[in-house]
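**Student:** Have a look; sequence and predicted model below, questions after that.
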Protein chains: 4
Amino acid sequence: MELTRIGTVTAHLKPPQMIGPGPYGIRMFIEIMDGTLEGDPSVPEVNSIAGTVLPGGGDWVLIGADGYARLDVRVQFLTSSGAVVFAEFLGLIEMTDKVQDALMSGAATEFEDQYFRVTPRLETGDPQLEWVNQAVFLGEGRFVEGFGLQYVMYRVG
Amino acid sequence: MELTRIGTVTAHLKPPQMIGPGPYGIRMFIEIMDGTLEGDPSVPEVNSIAGTVLPGGGDWVLIGADGYARLDVRVQFLTSSGAVVFAEFLGLIEMTDKVQDALMSGAATEFEDQYFRVTPRLETGDPQLEWVNQAVFLGEGRFVEGFGLQYVMYRVG
Amino acid sequence: MELTRIGTVTAHLKPPQMIGPGPYGIRMFIEIMDGTLEGDPSVPEVNSIAGTVLPGGGDWVLIGADGYARLDVRVQFLTSSGAVVFAEFLGLIEMTDKVQDALMSGAATEFEDQYFRVTPRLETGDPQLEWVNQAVFLGEGRFVEGFGLQYVMYRVG
Amino acid sequence: MELTRIGTVTAHLKPPQMIGPGPYGIRMFIEIMDGTLEGDPSVPEVNSIAGTVLPGGGDWVLIGADGYARLDVRVQFLTSSGAVVFAEFLGLIEMTDKVQDALMSGAATEFEDQYFRVTPRLETGDPQLEWVNQAVFLGEGRFVEGFGLQYVMYRVG
């Protein structure tokens, strides 16, 4: 089992909608504004998914009493060839002081500033991209300046 | 077991993002643009949830080979008192000729023009609205003019 | 929109496996031991789903701090004609004193002793039963003697 | 981001219940009979989750037309110290000839005989094991003799 780095997703987010402390924990919805998906030049098949993050979708996140946020994300990408790829995933963010700063002030964090991991499932109908329906993915995240996120994405080979 | 009519949701939609024929069927994402939630005057507790449909969220719908669309919706409401209510639901739309017209041309349908039923689960942290976390809901839908949907919502008592 | 009573499910349960207070609340798994599904004689199409509840599956329930249990059930039925029907559903049980007694001592409750509602989604590949893939269902529950459950099931027409 | 091998799960399965070609694809339910979870000796914290696979739960798998099976698993483990850990996960199995043999005849496969990857989310209320609620996991699978599965599990650090 090996991880192949396939690209980097950077997304900007709208201000959170606070749903509040409900039956499953403290829920917020954070809508995606826009973003980019850059393929890794060393993986030719992956350049075919480079493109933009579409507006719509977002994260229905739960802020846990144990100091971890639990992500529940749905988002779409538009590739440069015009295909739409749907990604759905759970994940975890350790709510360190730097993460709390990032949420309050829009500051950036480094990848090593928190445990921030996701396991996306991708889905598309584009025949050129059928490989995304047939692989498991892993991502490592951080906050970027101006209330945004960045993920380095890996295909689990 | 009785159904209490609690209100009417009307939402306008953005043009679909076609994800295409993937592992679970033909997937589209239809983002919510805006909308309103009107409480039924005869149910005082319900007027407290009247308000607007927030932008963000939408329907990750699968178009089935059997002539039914299977909805998978996440959406937020903002009540007039400032609370955010999250609704998540599955549901079914029978893809009659009139529904296909509505999808193509933005025409309206009547409630009796198709089988269109949903079972929303609501979630909020607002203490005045705790009853929405503690009930099962049912909705009946139709298309409205200009690519929109309308649901009559019932609390299952 | 009308509710058609289609039958009654009675299931016996194994002792709960207590997973405990985790990220989403207090989780238990309650496995299904066996049971029956009786069709309502007045609905001919429904007699075709009469049969037994298969062992396997169960309820990954969360016990809420607000006095409600939130069900998350997966279960299979074997019809008398040999078809397997999968049901997946969320639902709510109001944790009244009588419900707590039922959980501790295996006592029965009446339908009016608690708010206990579920919204099953059914799935099968049997061509005679395609109608279960194309309808929304609603159920009302109670506890039966000896740590079991009974649901009266309705098709939402 | 690094993968730490935490242990090996081996589970025996009951004969599949064929639900059939439904709205999302060809669905089967495969119930778990029993199994073991062995911790990796080099990871002390992990030995604390060694134990058995509890009966109950299983895989509500979809067999895709594209030659991949899509897993949807819920299962419980009982650790040697008496804690119950719930695992929920999606995953993929490439339906190679050897996998089809394994499904028909109960033969074993090697890890390299198919692409078989899962992304478990673990959940427990045991305070000694809180770390399983706060990590993302990855598993690589194969078939073992006699209709069973084996996963090597990794914590994504």
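**Tutor:** Right, received. Where do you want to start? The structure displayed is predicted, hence computed values, not measured ones.
**Student:** Flag every residue of chain A that's near chain C.
**Tutor:** Residues of chain A lying close to chain C (C-beta under 8 Å from any C-beta of the partner chain) are A:Pro23, A:Tyr24, A:Gly25, A:Leu62, A:Gly64, A:Asp66, A:Tyr68, A:Arg70. For every residue, glycine as well, the C-beta is placed using N, CA and C.
**Student:** ok, those vs D:Val75, which is closest?
**Tutor:** Using C-beta to C-beta, the shortest approach to D:Val75 within the residues of chain A next to chain C belongs to A:Arg70, at 19.8 Å.
**Student:** just checking, what packs against the longest strand seen in chain A?
**Tutor:** Criterion DSSP state E: the longest strand present in chain A is strand A:25-39. Here strand A:25-39 touches strand A:3-13, strand A:17-22, strand A:51-53, strand A:58-63, strand A:68-79, strand B:84-94, going by 3 or more C-beta pairs under 8 Å, 6 or more residues apart in numbering or on different chains; DSSP states H and E.
**Student:** From chain B, how far off is the closest residue to A:Val152 other than its chain neighbours?
**Tutor:** The shortest distance from A:Val152 to any non-neighbouring residue, by C-beta to C-beta, 6 or more residues apart in numbering or on different chains, is to A:Glu140 (5.1 Å). From A:Glu140 across to chain B, the span is 25 Å (C-beta to the nearest C-beta, to the nearest Å).
**Student:** low-confidence ranges in chain A?
**Tutor:** Flagging of chain A using pLDDT under 70 yields the residue ranges A:44-47.
**Student:** Kindly list the longest helix within it.
**Tutor:** Ranked by residue count and defined by DSSP state H, the top helix of chain A is helix A:97-105.
**Student:** how about it against chain D, any contact?
**Tutor:** No: Helix A:97-105 lies out of reach of chain D by C-beta under 8 Å from any C-beta, never closer than 13.8 Å.
**Student:** Flag every buried residue along that helix.
**Tutor:** Residues A:Lys98, A:Val99, A:Ala102, A:Leu103 are the ones in helix A:97-105 that count as buried (16 or more other C-beta atoms under 10 Å in any protein chain shown).
**Student:** so which two of the residues you listed are the farthest from each other?
**Tutor:** A:Lys98 and A:Leu103 (9.9 Å).
**Student:** Please name the bridge partners of the residue nearest to A:Gly25 when sequence neighbours are not counted.
**Tutor:** Leaving aside its sequence neighbours, A:Gly25 sits nearest to A:Leu62 (C-beta to C-beta, 6+ apart; 4.1 Å). A:Leu62 has these beta-bridge partners by DSSP bridges: A:Arg27, A:Arg70.
**Student:** tally of neighbours for A:Leu62?
**Tutor:** 20 (other C-beta atoms under 10 Å in any protein chain shown).
**Student:** Report the buried residues of stretch A:141-157.
**Tutor:** Buried residues in stretch A:141-157 (16+ other C-beta under 10 Å): A:141-144, A:147-156.
**Student:** One more: stretch A:31-47?
**Tutor:** A:Glu31, A:Ile32, A:Met33, A:Gly35, A:Thr36, A:Leu37, A:Glu38, A:Gly39, A:Asp40, A:Val46, A:Asn47.
**Student:** now swap in stretch A:72-89 and tell me
**Tutor:** Buried residues in stretch A:72-89, defined by neighbour count with 16+ other C-beta under 10 Å: A:72-77, A:79, A:83-89.
**Student:** Need the contact partners of stretch A:88-107.
**Tutor:** With contacts defined as C-beta atoms under 8 Å, 6 or more residues apart in numbering or on different chains, stretch A:88-107 is touched by A:63, A:67-74, A:108-109, A:113-121, A:123, A:139, A:141, A:143, A:145-147, B:60, D:121, D:134-136.
**Student:** how long is that stretch end to end?
**Tutor:** 26 Å (C-alpha to C-alpha, to the nearest Å).
**Student:** quick one, phi/psi of A:Glu123?
**Tutor:** The phi/psi pair for A:Glu123 (degrees, to the nearest 10) reads phi -150, psi 130.
**Student:** swap in A:Glu110?
**Tutor:** With angles defined as degrees, to the nearest 10, A:Glu110 sits at phi -90, psi 160.
**Student:** I'd guessed A:Tyr151 sits against A:Leu138; true?
**Tutor:** No: between A:Tyr151 and A:Leu138 there is no contact under C-beta atoms under 8 Å: 9.7 Å.
**Student:** Identify the bridge partners of the residue nearest to A:Leu3 when sequence neighbours are not counted.
**Tutor:** Closest residue to A:Leu3 apart from its sequence neighbours, by C-beta to C-beta, 6+ apart: A:Tyr154 at 4.1 Å. Here A:Tyr154 sits in beta bridges with A:Arg5, A:Leu138, as judged by DSSP bridges.
**Student:** Show the contacting residues for A:Tyr154.
**Tutor:** For A:Tyr154, the contact set (C-beta under 8 Å, 6+ apart) comprises A:Leu3, A:Thr4, A:Arg5, A:Ile6, A:Phe137, A:Leu138, A:Gly139, A:Glu140, D:Met1.
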